[in-house]
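Asker: Fold the stuff below for me.
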Amino acid sequence: MRVVSFSVPGWFPSYGTQVPQGAQLTEQESAVFVCLATGASNAELADELQLSVSTVKFHVGNIRAKLGGISRLQACLLAALAREGASEDVEDRPLSGGGAAADH
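Answerer: I've put the predicted structure just below:
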(Lines give C-alpha, C1' and ligand atoms only; values in the text may rest on other atoms or scores of the structure.)
Protein backbone atom coordinates (compact mmCIF):
# COMPACT_ATOMS: atom_id res chain seq x y z
CA MET A 1 0.00 0.00 0.00
CA ARG A 2 1.32 3.41 -0.97
CA VAL A 3 0.94 6.20 1.58
CA VAL A 4 0.74 9.85 0.59
CA SER A 5 1.71 12.68 2.92
CA PHE A 6 0.05 16.09 2.97
CA SER A 7 1.16 19.03 5.05
CA VAL A 8 -1.18 21.62 6.52
CA PRO A 9 -0.20 25.30 6.25
CA GLY A 10 0.59 27.04 9.53
CA TRP A 11 -1.92 29.80 8.74
CA PHE A 12 -4.77 27.33 8.25
CA PRO A 13 -7.63 28.12 10.68
CA SER A 14 -8.20 25.30 13.16
CA TYR A 15 -11.19 26.70 15.11
CA GLY A 16 -10.16 25.16 18.40
CA THR A 17 -8.94 21.85 17.01
CA GLN A 18 -5.28 21.18 16.56
CA VAL A 19 -4.52 20.54 12.90
CA PRO A 20 -1.55 18.18 12.50
CA GLN A 21 1.40 19.35 10.44
CA GLY A 22 1.16 16.32 8.15
CA ALA A 23 -1.22 13.49 7.44
CA GLN A 24 -0.53 10.04 6.08
CA LEU A 25 -3.29 9.25 3.59
CA THR A 26 -3.67 5.93 1.82
CA GLU A 27 -3.65 5.92 -1.95
CA GLN A 28 -7.45 5.74 -2.15
CA GLU A 29 -7.89 8.45 0.51
CA SER A 30 -5.50 10.57 -1.51
CA ALA A 31 -7.59 10.10 -4.67
CA VAL A 32 -10.73 11.16 -2.78
CA PHE A 33 -8.84 14.07 -1.17
CA VAL A 34 -7.68 15.45 -4.52
CA CYS A 35 -11.21 15.17 -5.95
CA LEU A 36 -12.59 17.07 -2.94
CA ALA A 37 -11.03 20.18 -4.48
CA THR A 38 -13.91 20.32 -6.96
CA GLY A 39 -16.49 20.71 -4.19
CA ALA A 40 -18.38 17.71 -5.54
CA SER A 41 -20.94 15.84 -3.45
CA ASN A 42 -20.28 12.33 -2.17
CA ALA A 43 -22.46 10.93 -4.97
CA GLU A 44 -20.52 12.91 -7.60
CA LEU A 45 -17.19 11.79 -6.11
CA ALA A 46 -18.40 8.18 -6.09
CA ASP A 47 -19.34 8.42 -9.76
CA GLU A 48 -16.03 10.07 -10.68
CA LEU A 49 -13.90 7.55 -8.77
CA GLN A 50 -16.13 4.54 -9.51
CA LEU A 51 -16.70 3.86 -5.81
CA SER A 52 -19.86 3.47 -3.76
CA VAL A 53 -21.20 6.51 -1.94
CA SER A 54 -20.62 4.77 1.40
CA THR A 55 -16.96 4.15 0.49
CA VAL A 56 -16.52 7.83 -0.37
CA LYS A 57 -18.14 8.83 2.94
CA PHE A 58 -15.79 6.45 4.76
CA HIS A 59 -12.71 7.94 3.07
CA VAL A 60 -13.87 11.54 3.59
CA GLY A 61 -14.39 10.78 7.28
CA ASN A 62 -10.91 9.27 7.54
CA ILE A 63 -9.36 12.23 5.73
CA ARG A 64 -11.09 14.72 8.03
CA ALA A 65 -10.00 12.76 11.12
CA LYS A 66 -6.40 12.44 9.93
CA LEU A 67 -6.31 16.19 9.32
CA GLY A 68 -7.36 16.92 12.89
CA GLY A 69 -11.15 16.70 12.68
CA ILE A 70 -11.47 19.56 10.23
CA SER A 71 -14.72 20.31 8.42
CA ARG A 72 -15.46 19.10 4.92
CA LEU A 73 -15.15 22.67 3.66
CA GLN A 74 -11.69 22.95 5.21
CA ALA A 75 -10.73 19.62 3.62
CA CYS A 76 -11.92 20.95 0.24
CA LEU A 77 -9.77 24.05 0.68
CA LEU A 78 -6.70 21.98 1.56
CA ALA A 79 -7.38 19.72 -1.42
CA ALA A 80 -7.56 22.75 -3.72
CA LEU A 81 -4.25 24.02 -2.33
CA ALA A 82 -2.65 20.60 -2.77
CA ARG A 83 -4.01 20.30 -6.30
CA GLU A 84 -2.70 23.76 -7.19
CA GLY A 85 0.74 22.85 -5.88
CA ALA A 86 0.75 19.50 -7.69
CA SER A 87 -0.02 21.25 -10.97
CA GLU A 88 3.22 23.16 -10.54
CA ASP A 89 5.09 19.81 -10.39
CA VAL A 90 6.58 20.67 -7.02
CA GLU A 91 7.38 17.65 -4.83
CA ASP A 92 8.36 17.20 -1.20
CA ARG A 93 7.36 20.74 -0.29
CA PRO A 94 4.73 21.41 2.43
CA LEU A 95 1.60 23.34 1.55
CA SER A 96 2.81 26.22 3.68
CA GLY A 97 5.59 26.72 1.14
CA GLY A 98 3.33 26.83 -1.90
CA GLY A 99 1.99 23.35 -1.67
CA ALA A 100 2.27 19.90 -3.15
CA ALA A 101 1.49 16.35 -2.32
CA ALA A 102 4.56 14.21 -1.84
CA ASP A 103 4.59 10.46 -2.44
CA HIS A 104 6.36 8.30 0.09
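Asker: so what does the longest helix along the chain touch, helix or strand wise?
Answerer: Using DSSP state H, we find that the single longest helix of the chain is helix 72-87. Counting contacts by 3 or more C-beta pairs under 8 Å, 6 or more residues apart in numbering; DSSP states H and E, helix 72-87 is packed against helix 27-36, helix 53-66. (Glycine included, C-beta is placed from N, CA and C.)
Asker: buried residues in it?
Answerer: 74-83, 85-86 (16 or more other C-beta atoms under 10 Å).
Asker: picking up where we left off before, and of the helices and strands packed on helix 72-87, who's closest to Ala43?
Answerer: Ala43 lies closest, by C-beta to C-beta, to one member of these: helix 53-66, at 5.5 Å.
Asker: Contacts for that closest one, please.
Answerer: Applying C-beta atoms under 8 Å, 6 or more residues apart in numbering, the external contacts of helix 53-66 come out as 20, 23-25, 28-29, 32-33, 36, 42-43, 45-46, 49, 51, 70-72, 75.
Asker: Please list only the buried members of the residues you listed.
Answerer: 20, 23, 25, 28-29, 32-33, 36, 42, 45-46, 49, 51, 70, 75.
Asker: of all those residues, which two lie farthest apart?
Answerer: Pro20 and Ala46 (26.9 Å).
Asker: Can you find the helix or strand in this protein with the smallest mean pLDDT?
Answerer: The helix or strand of the chain with the poorest confidence is strand 102-103; it has a mean of 40 (mean pLDDT, DSSP states H and E).
Asker: so what strands line up beside the strand or helix carrying Gln24?
Answerer: In the assignment (DSSP states H and E), Gln24 maps to strand 22-26. Neighbouring strands of strand 22-26 in its sheet, by DSSP bridges, are strand 3-7 (antiparallel).
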